[in-house]
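>>> With the sequence up front, the predicted model follows.
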Amino acid sequence: MIAETTRQLRAHREVIEAIERDLAAPVAAVAELLIEAFRAGKKLLVMGNGGSAADAQHFVAEMVGRFKLERRGLPAVALTTDSSILTALGNDYGFDLIFRRQVEALAAPGDVVVGISTSGSSKNVAAALLLARELGCRTVGLLGRDGGTIRELADFALTVPSNDTPRIQEGHITIIHILCDLVEKGLFA
Ligand SMILES: O=C(CO)[C@@H](O)[C@H](O)[C@H](O)[C@H](O)COP(=O)(O)O
Ligand SMILES: [Zn+2]
């Protein structure tokens, strides 16, 4: 088991190194996008399924609360948290529309809408990002594998170069923490 643990830690490190190599500039660009949006009084909406739902909530909690600096709360909403909304939309319209309808209800032009999907192909995330685009929002995909269908729907696609879901998720939370840091410093330091 030690050998397997070591193998997984090495795989994690290689993914983080690949992010450093391939995604430093696009991550910085997304941080700029968020800084400009918050400065303009726009908000952030974030969604994903399973572990990515947890990542969406983690990201939003750091924005509404704080990351490292004492500062005002930033307007951000996770579309994964209200079980009444999620069960009503899933039951009445289908699981593929649980995020789209929330985008319809909450998104305004200039808002930033982030979809997190390791496959890049979760239909409920893709449907919501498509509508977000039509509504004049800026769209961001935190993706994996080949970026899937969502890659084409995202103004900014941050595709973690791996085919292994847990390693991709570890890349996503690393990127999210860097975004929190850059946004907080950009707005308040
Ligand atoms: O956390 C994990 C696997 O590590 C799972 O909960 C995983 O997030 C779920 O299977 C998701 O439904 C996968 O969706 P996606 O990342 O392909 O959009
Ligand atoms: Zn997971």
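Received, thanks. Ligands and ions are numbered 1, 2, ... in the order given.

>>> give me the number of residues near residue 46?
27 (other CB atoms under 10 Å). Glycine gets a C-beta too; all of them are placed from N, C-alpha and C.

>>> from memory it sits against residue 64, does it?
No - Residue 46 is beyond contact range of residue 64, at 11.0 Å (criterion: CB atoms under 8 Å).

>>> Doesn't residue 77 lie inside a strand?
Yes - under DSSP: H, G, I helix; E, B strand; the rest coil, residue 77 sits within a strand.

>>> and residue 128, what pLDDT?
The model reports residue 128 with a pLDDT of 98.

>>> Now it: which helix or strand?
Taking DSSP states H and E as the criterion, residue 128 maps to helix 123-134.

>>> Would you mind measuring from the residue nearest to residue 35 when sequence neighbours are not counted to ligand 1?
Leaving aside its chain neighbours, residue 35 sits nearest to residue 186 (4.2 Å; criterion: CB to CB, 6 or more residues apart in numbering). Distance from residue 186 to ligand 1, counting by CB to the nearest ligand atom, to the nearest Å: 28 Å.

>>> Residue 29 should be in a strand, yeah?
No - counting by three-state DSSP, one finds residue 29 to be helix, located in no strand.

>>> show me what contacts it?
residue 156 (CB atoms under 8 Å, 6 or more residues apart in numbering).

>>> roughly how far apart are it and ligand 1?
From residue 29 to ligand 1 the distance is 23 Å (CB to the nearest ligand atom).

>>> pLDDT score for that residue?
pLDDT at residue 29 comes out at 98.

>>> pLDDT on the one helix or strand residue 169 maps to, on average?
In this assignment (DSSP H and E), residue 169 forms part of helix 165-188. For helix 165-188, mean pLDDT is 98.

>>> Give me the residues contacting it.
11-12, 15-16, 19, 23, 27-28, 30-32, 34-35, 38-39, 51-52, 55, 58-59, 62-63, 66-69, 71, 74, 116, 118-119, 142, 144-145, 158, 160, 162.

>>> Which residue, neighbours along the chain excluded, lies closest to residue 53?
residue 80 (4.0 Å).

>>> Before we go further, the one you found is sitting in a helix, right?
No - read with three-state DSSP, residue 80 is coil and lies in no helix.

>>> Quick check: which of the contacts of helix 165-188 are also close to ligand 2?
residue 51 (CB under 5 Å from the ion).

>>> from the contacts of helix 165-188, which would you call buried?
12, 15, 19, 23, 27, 30-31, 34-35, 38, 51-52, 55, 58-59, 62-63, 66-67, 74, 116, 118-119, 142, 144-145, 158, 160, 162 (16 or more other CB atoms under 10 Å).

>>> Skipping its backbone neighbours, what lies nearest the residue in the chain that ligand 2 sits nearest to in space?
Residue of the chain nearest ligand 2, by CB to the ion: residue 51 (3.2 Å). Excluding the flanking residues, the one nearest residue 51 by CB to CB, 6+ apart is residue 169, at 5.0 Å.
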